[in-house]
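In: Give me a model of this one.
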Amino acid sequence: MLSVEPDIEVVGEAGTAADALVRIPATRPDVAVLDVRLPDGSGVEVCREVRSKDETVRCLMLTSFADDEALFDAIMAGASGYVLKAIRGDELLRAVRDVAVGKPLLDPVATARVLERLRDGGGARTDGKLAQLTEQERKILGLIGEGLTNRQIGERLHLAEKTIKNYVSSLLSKLGMQRRSQAAAYVARVQAEKSGGNGNL
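Out: Down below sits the predicted model:
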């Protein structure tokens, strides 16, 4: 399906995590479509490994299950998108194209499940706490929501990676969160409530 599209070129395929870790660096695709569950491991781990060495490769996670933990893990690994295999072919093509141009993409059903769990756990009722964040922390929170790593945020804001790490620890503490993935999901919820925000909080 992908190979017949005039603007998409399939540069390689792999059936296992081990193969993918060899093929992806060799072919350097713009987008790597990864199954979350592979015969010899996890596509999330492949994403983390690939992104740690080459942040230009964007990863689109594909899974049969609306797994909250896998969504958290995918966000933490630096994935640009997470979609269910139940989506139609044209939706997958759109997802690949969106991720290729840097548009973060999370399946709305899976994201809604994570956000609901955060609400039930009290972790997302932090609207009042948002006011406690400094302007710089809000900016960094927005960039976390875009799926950027600490290194990428540092480059964007012209700050050291260690400085960004300190900011992230501070803003998570103020929001009453333990994980970066919770912050990313929170940003998605805030933007959804604002009817398609642009990343600014």
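In: Low-confidence stretches in this structure?
Out: Within the chain, the stretches with pLDDT under 70 are 66-69, 106-129, 191-201.
In: What ranges does it have for its helices?
Out: All helices of the chain, identified by DSSP state H, fall at 17-27, 43-53, 68-77, 89-100, 108-120, 127-130, 135-145, 150-157, 161-175, 180-193.
In: For Arg51, which non-adjacent residue is spatially closest?
Out: Among residues not flanking Arg51 along the chain, Gly78 sits closest, at 4.1 Å (Cβ to Cβ, 6 or more residues apart in numbering). Every residue, glycine included, has its C-beta placed from N, CA and C.
In: again, but for Ile75
Out: Excluding the flanking residues, the one nearest Ile75 by Cβ to Cβ, 6+ apart is Ser181, at 4.3 Å.
In: May I have the residues that are in contact with the one you found?
Out: Leu71, Phe72, Asp73, Ile75, Met76 (Cβ atoms under 8 Å, 6 or more residues apart in numbering).
In: make it 7 Å
Out: By Cβ atoms under 7 Å, 6 or more residues apart in numbering, Ser181 lies in contact with Phe72, Ile75, Met76.
In: Closest to Lys103 out of the residues you listed?
Out: Ranked by distance to Lys103 (Cβ to Cβ), the contacts of Ser181 are led by Ile75 at 15.1 Å.
In: so how far is Asp90 from that closest one?
Out: Distance, Ile75 to Asp90, using Cβ to Cβ, to the nearest Å: 25 Å.
In: Of these two, which one has the most company?
Out: More neighbours surround Ile75 than the other of Ile75 and Asp90, with 28 against 9 (other Cβ atoms under 10 Å).
In: thought the more buried one was touching Gln182?
Out: No - counting by Cβ atoms under 7 Å, Ile75 does not reach Gln182; the two are 9.2 Å apart.
In: how many other residues sit next to the residue nearest to Leu171 when sequence neighbours are not counted?
Out: Spatial nearest neighbour of Leu171, chain neighbours left out: Glu137 (4.3 Å); criterion: Cβ to Cβ, 6+ apart. By other Cβ under 10 Å, 19 other residues sit near Glu137.
In: can you check Thr16 too?
Out: Thr16: 14 surrounding residues under other Cβ under 10 Å.
In: what's the answer for Arg23, then?
Out: Per other Cβ under 10 Å, the neighbour tally for Arg23 reads 17.
In: how near is Val101 to Glu13?
Out: Using Cβ to Cβ, Val101 is found at 23 Å from Glu13.
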